[in-house]
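In: model this:
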Amino acid sequence: MDFRGTHILSVKQFERNDVERVFEVADSMEPFAHRNQISKVLEGAILGNMFFEPSTRTRVSFGCAFNLLGGHVRETTDVETSSIVKGESLYDTARVISGYSDVIVMRHPQTGSVAEFSKASRVPVINGGDGANEHPSQALLDLYTIKKELDSNSRQIDGMSIAMVGDLKHGRTVHSLSQLLYLYDNIKFTLISPAELKMPGDIVGSLKNAGHTVTETEDMESGLNDNDTIYLTRIQEERFNTKLEADIYRGRFRLNQAIYTRNCQPNTVIMHPLPRDSREEANELDHDLNQHPNLAIFRQTDNGVLIRMALFALVLDVADKTARNSIEVEWYTEKRFN
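Out: This is a model prediction of the structure:
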């Protein structure tokens, strides 16, 4: 892929060498993300951060990533405060905001909306999540995390085993991650969900056609056996017609210390795209695992900044220029990334 000026809308755009290029650039961003050095390579550039659906981590992560490269961020965080409530089309919004920005990140509740928006944009657009469809930057940071976690135990993505647990029907993170893993070899997938919330058939079919092994089950504990990685998801309440409908499934699959110890390997990595639902009736990932060394959920969020910095650097064609004229950080920064 020629990243320069390219919209990042779907993981389907990526070949394996493209993923590896993103990871290579992400590695080079560590001195800046870890507050050891300052880069001003995007000084004067403006990010239009357009979030028409609730978000904390993704929105702030993209904004921080752009700031860490020296750029400025302008945000819309709610449909109700935008001109969309006045009837403005995505086309008109894209034409206007792309005149203000050098790159745009957009999240929207409707499937395909970001791709539609990008057609009218005069600058690159990155998909921050479109309904239950895709979330490409999350998939890249998840795969980057898996790679780093496996590397620490002298393992690799090819040939690994992964269990995906929860709402696999509506979870755009598992959709995008599965489609990225399609690019690798001999992966064993165990898909654990209620029958009504199972992974879409087209994704399962693509994985099988690519030579991967796919097992679907409703039995969580047996499904957790013999996996390198567990990827949990919450019940996507916002994709259901009513809260009562979502409540039918909430709390059905929970991982805690006892279940982990009983069913998982000693080095099985625990992942979750966040937010995890910690309410008593859900509690899908128990806080008794918070200090477990294999809990990678906060390493995921740290890695998200690196991946999003890499995407900005590649799309705006400064990936090989970030270290130029960089300077040392002079303010106090605790070594929180060690």
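
In: Who are the contact partners of the residue nearest the centre of the chain?
Out: Taking Cα atoms, centre = their mean as the criterion, Gln138 is the residue nearest the geometric centre of the chain, at 1.0 Å. The neighbourhood of Gln138, defined by Cβ atoms under 8 Å, 6 or more residues apart in numbering, consists of Thr58, Gly129, Arg172, Thr173, Ser176, Leu177, Pro273, Gly304. Any C-beta I mention is one placed from the backbone N, CA and C, and that applies to glycine too.

In: Quick check: mean pLDDT of stretch 327-334?
Out: Confidence over stretch 327-334, taken as the mean pLDDT, stands at 88.

In: should've said stretch 100-111
Out: The model assigns stretch 100-111 a mean pLDDT of 95.

In: For it, C-alpha coordinates in CSV please.
Out: Only the C-alpha atoms of stretch 100-111 are listed here, as CSV (Å, rounded to 0.1, in the frame of the first residue of the first chain):
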residue,chain,number,x,y,z
TYR,A,100,-10.1,23.0,8.1
SER,A,101,-8.0,19.9,8.6
ASP,A,102,-5.0,18.1,7.3
VAL,A,103,-6.4,14.7,8.3
ILE,A,104,-9.7,13.5,9.8
VAL,A,105,-10.5,10.7,12.2
MET,A,106,-14.2,9.9,12.2
ARG,A,107,-16.5,7.6,14.3
HIS,A,108,-20.1,7.2,13.4
PRO,A,109,-22.9,4.8,14.5
GLN,A,110,-23.9,3.8,11.0
THR,A,111,-22.1,1.0,9.1
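
In: I would like the residues contacting that stretch, please.
Out: Outside stretch 100-111, the residues within contact range by Cβ under 8 Å, 6+ apart are 42, 45-53, 55, 58-59, 62, 66, 71, 74, 90, 94, 97-98, 113-114, 117, 121, 123-133, 238, 312, 315-316.

In: go on, stretch 286-301?
Out: The set of residues external to stretch 286-301 that reach it, using Cβ under 8 Å, 6+ apart, is 57, 61, 141-142, 145, 148-149, 254-257, 260, 267-274, 276, 278, 285.

In: Tell me which entries of those residues lie within helices.
Out: If you go by DSSP state H, these have Arg57, Ser61, Leu141, Asp142, Thr145, Lys148, Glu149, Gln257, Tyr260 in helices.

In: Is there a neighbour count for the last one? I'd like the number.
Out: Each residue near Tyr260 was counted by other Cβ atoms under 10 Å, and the total is 21.

In: where's the residue lying closest to it once chain neighbours are set aside relative to Glu328, distance?
Out: Counting by Cβ to Cβ, 6 or more residues apart in numbering, Leu289 is the residue found nearest to Tyr260 once chain neighbours are left out, at 6.6 Å. Computed with Cβ to Cβ, to the nearest Å, the distance linking Leu289 and Glu328 is 37 Å.

In: More neighbours: which of the two?
Out: For Leu289 against Glu328, the residue with the higher neighbour count under other Cβ under 10 Å is Leu289, and the figures read 16 against 8.

In: Now that we have the contacts of stretch 286-301, which of them are buried?
Out: Members of the contacts of stretch 286-301 that pass the buried threshold by neighbour count (16 or more other Cβ atoms under 10 Å) are listed as 61, 141-142, 145, 148-149, 255, 260, 268-274, 276, 285.

In: And the furthest pair within the ones in helices among the contacts of stretch 286-301?
Out: Ser61 and Gln257 (28.4 Å; Cβ to Cβ).

In: ok so, going back, give me the subset of the contacts of Gln138 that lies in helices.
Out: Thr58, Arg172, Thr173, Ser176, Leu177, Gly304.

In: where's the dip in pLDDT among the residues you listed?
Out: Within these, Arg172 has the lowest pLDDT, namely 87.

In: Quick check: that one touching Gly129?
Out: Yes - under the criterion of Cβ atoms under 8 Å, Arg172 lies in contact with Gly129, with a separation of 6.0 Å.

In: which residues are common contacts for the two?
Out: With Cβ under 8 Å, 6+ apart as the test, Arg172 and Gly129 both reach His135, Gln138.

In: Below-threshold pLDDT in the stretch 151-300 of the chain: ranges please.
Out: Filtered on pLDDT under 70, the stretch 151-300 of the chain yields the residue ranges 247-249.

In: how about the helices in it?
Out: 172-181, 201-209, 220-223, 243-247, 257-263, 297-315 (DSSP state H, counting those that start in this stretch).

In: Number of residues surrounding His108?
Out: Other residues close to His108 by other Cβ under 10 Å number 23.
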